[in-house]
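Asker: Next input, structure requested:
(one chain, ligands or ions: 1)
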Amino acid sequence: MRLTDAHCHLQDARFGAQLPAALARCRELGLTRWMVNATRESDWENVAALAKTHPGLRCSFGLHPWWQAQRSANWLAALEECLTRYPEAGIGETGLDRWMEGFDMEDQTAVLLEHLKLSRQLNRAITLHCLRAWPELAACVKRCPPSKRGFLLHSFSGPQTMLAQWVDLGAYFSFSPAFLHPKKAAIRKLFKHIPAERLLVESDAPDMAPPRELAVALLEQTEERLLNHPGNVVLCLNALAADRGLAPETLALQLEQNYERLFGD
Ligand SMILES: [Zn+2]
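Answerer: Numbers count the residues shown, from 1 in each chain. Model prediction:
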């Protein structure tokens, strides 16, 4: 079985020296590819360097709403230059967030629209983050349609009433380990309605950890807060497969095809 983590942040310092061993253990579990999303200008080079060091890692460059206030005046030219230098790279993580403290929707929208334009212009798939701003996000995607390849709504938790609209717009949806918490049961249920050819799995590691009792033992856990890692996408695969009455191996084949259709292989 082969599996891809469609969205993670392996550049995060919390992995520290544990990363190589963690990736080796992931490979034993069948996990061979990782889409590593940068979140701010200062980590673009770190993500690129990591992808050069570890086989199977792929980069995605962008500005996450939590970090975009600290961007440079030259960020857009720098992003375009970075994407040109790495033709395999995706765009993101970027998006809209009404959950964060002191959000500036106008500024977030302006930054998102530039990412969407680049996605179209360079024909790269874009990864979108969204918390409590789903109608605004749909308006941006309609106003400035991204690449025809499609786009990823990562850790999708949007209202079911908008699901058909997102499918029509070309969205893919990824399920993360945090959705295995009992309090997120409604999201897990929502994923049953997503067409199989638009499904992906992600870790969003090191955040979005699964319930502690389910987590795959793979890292040394030194902090009180459980550190998520890409090995936990196996839990996502197993849950989605169980909910659809499929063998995990069967669903994994579909997910791999979906990933390649969206991001290229
Ligand atoms: Zn993320």
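Asker: Where do the helices of the stretch 1-150 of the chain begin and end?
Answerer: 19-28, 44-53, 75-85, 105-122, 134-143 (DSSP state H, counting those that start in this stretch).
Asker: Please name every helix or strand in contact with the second one.
Answerer: It refers to helix 44-53. strand 31-37, strand 57-61, helix 75-85 (3 or more C-beta pairs under 8 Å, 6 or more residues apart in numbering; DSSP states H and E). C-beta coordinates here come from the backbone N, C-alpha and C atoms, glycine included.
Asker: quick one: it to helix 19-28, angle?
Answerer: 50 degrees (axes from the mean of the first three to the mean of the last three C-alpha atoms, to 10 degrees).
Asker: Tell me what angle the helix or strand of the chain with the lowest mean pLDDT forms with strand 31-37.
Answerer: Averaged element by element with mean pLDDT, DSSP states H and E, the chain has its least confident helix or strand at helix 19-28 (a mean of 94). If you take the same axes, to 10 degrees, helix 19-28 sits at 130 degrees to strand 31-37.
Asker: Dump helix 19-28 to CSV, keeping only the CA atoms.
Answerer: C-alpha atoms of helix 19-28 as CSV (Å, rounded to 0.1, in the frame of the first residue of the first chain):
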residue,chain,number,x,y,z
LEU,A,19,12.4,14.0,11.6
PRO,A,20,14.6,11.5,9.7
ALA,A,21,13.7,8.6,12.0
ALA,A,22,10.0,9.6,11.8
LEU,A,23,10.1,9.6,8.0
ALA,A,24,11.8,6.2,7.9
ARG,A,25,9.1,4.8,10.2
CYS,A,26,6.4,6.4,8.0
ARG,A,27,7.9,4.6,4.9
GLU,A,28,7.5,1.3,6.7
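Asker: Right, and the ion sits closest to which residue of the stretch 101-250 of the chain?
Answerer: Proximity of the stretch 101-250 of the chain to the ion (C-beta to the ion) peaks at Asp204, 4.6 Å away.
Asker: quick one, which of the helices of the stretch 1-150 of the chain is nearest to Asp97?
Answerer: With C-beta to C-beta, the closest approach to Asp97 among those belongs to helix 105-122: 6.8 Å.
Asker: buried ones in that closest one?
Answerer: 108-109, 111-112, 114-116, 118-119 (16 or more other C-beta atoms under 10 Å).
Asker: Could I get those in a markdown table, plus columns for pLDDT and distance to Ala242?
Answerer: Formatted as a markdown table, those follow (pLDDT from 0 to 100; distance: C-beta to C-beta, whole Å):
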| residue | pLDDT | distance to Ala242 |
| --- | --- | --- |
| Gln108 | 98 | 36 |
| Thr109 | 98 | 39 |
| Val111 | 98 | 38 |
| Leu112 | 98 | 35 |
| Glu114 | 98 | 40 |
| His115 | 98 | 35 |
| Leu116 | 98 | 35 |
| Leu118 | 98 | 38 |
| Ser119 | 98 | 34 |
